[in-house]
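**Q** Sequence below, structure please.
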Amino acid sequence: MSIPPQQPDSAPQQPYGYPAPQQPTGSNGFAVAGLVLAFLFSPLGLIFSIIGLVKSKSTGKGKVPAIIGLILSVLSIAVGITLFVVIGSKVVKAIDPGCTSATSTVTTYSDKISADAGNPDALKADLKGAADQLNAAAAKAGNADAKKAISALASDYQQMYTAVSTGTPPNPDLQSKIETDANKVDSACGHIGS
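**A** The predicted structure follows:
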């Protein structure tokens, strides 16, 4: 009896007791989740992308989405921090007690001064009140730039009051100085658009 020829086995034979090496299989859900979360919630996107990148070494899959998720997460977090700092500083300035008081004073007295322009006694009272309240606002300001800007605006109103009280014409540049100093208050107090 003859032995039939054996067909060569396509898989190499492993020594008895040792498993055959595993080929990379499956997918890398962490990498995909990291990429998706980079758009939805960047801190989690960063974490999942890092895990996905580490797992890509063992699975052989997901390296590109993990890297993209990692980059997008880092960029998104950086933009978020920048916006937080910029907007946060404006909010902190705007809620400064001196700034809120100065803004309220300017709003209130601008309307009064316009309405009382033909009545010298009322106009003097308005200008004096505005100057006094602005000086009080400057004293309350915690922000040095706001304190300086509010004090300058108070000085402008005081000069206008002195001119009206003494019947002398104010400095021709005083109106533009008031506008400039009011803009400086807006800037120092972090008002949006300044």
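**Q** Tell me the gap between the longest helix seen in the chain and the middle of its chain.
**A** Scanning the chain for the longest helix, with DSSP state H as the assignment, gives helix 63-94. Computed by CA atoms, centre = their mean, to the nearest Å, the chain-centroid distance of helix 63-94 equals 9 Å.
**Q** now the angle from the helix or strand just after that helix to helix 63-94?
**A** Proceeding N to C from helix 63-94, the next assigned helix or strand is helix 97-115, under DSSP states H and E. Put simply, helix 97-115 runs at 60 degrees to helix 63-94, going by axes from the mean of the first three to the mean of the last three CA atoms, to 10 degrees.
**Q** Helix or strand next in line after helix 97-115, which one?
**A** Following helix 97-115 toward the C-terminus (DSSP H and E): helix 120-140.
**Q** which residues are in contact with that following helix?
**A** Outside helix 120-140, the residues that touch it by CB atoms under 8 Å, 6 or more residues apart in numbering are 97-99, 101-102, 105-106, 109, 112-113, 116-117, 146-147, 150-151, 153-155, 157-158, 160-161, 164-165. In this view, the C-beta of every residue, glycine as well, is placed from N, C-alpha and C.
**Q** now stretch 63-81
**A** Contacts with stretch 63-81, where a contact means CB under 8 Å, 6+ apart, come from 28, 30-32, 34-39, 42-43, 45-46, 48-50, 52-53, 56.
**Q** Identify each buried residue in it, please.
**A** 63, 65, 66, 67, 69, 70, 72, 73, 76 (16 or more other CB atoms under 10 Å).
**Q** could I get that stretch in PDB with only the CA atoms?
**A** The C-alpha trace of stretch 63-81 is given here as PDB (Å, rounded to 0.1, in the frame of the first residue of the first chain):
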ATOM      1  CA  LYS A  63      -4.100  55.300  14.000                       C
ATOM      2  CA  VAL A  64      -5.200  58.000  11.600                       C
ATOM      3  CA  PRO A  65      -8.600  58.800  13.200                       C
ATOM      4  CA  ALA A  66      -6.900  58.800  16.600                       C
ATOM      5  CA  ILE A  67      -4.300  61.300  15.500                       C
ATOM      6  CA  ILE A  68      -6.900  63.500  13.800                       C
ATOM      7  CA  GLY A  69      -9.100  63.300  17.000                       C
ATOM      8  CA  LEU A  70      -6.100  64.200  19.100                       C
ATOM      9  CA  ILE A  71      -5.200  67.300  17.000                       C
ATOM     10  CA  LEU A  72      -8.800  68.500  16.800                       C
ATOM     11  CA  SER A  73      -9.300  68.100  20.500                       C
ATOM     12  CA  VAL A  74      -6.100  70.000  21.400                       C
ATOM     13  CA  LEU A  75      -7.000  72.800  19.000                       C
ATOM     14  CA  SER A  76     -10.500  73.000  20.300                       C
ATOM     15  CA  ILE A  77      -9.400  73.100  23.900                       C
ATOM     16  CA  ALA A  78      -6.900  75.800  23.100                       C
ATOM     17  CA  VAL A  79      -9.500  77.900  21.400                       C
ATOM     18  CA  GLY A  80     -11.900  77.400  24.300                       C
ATOM     19  CA  ILE A  81      -9.300  78.500  26.800                       C
END
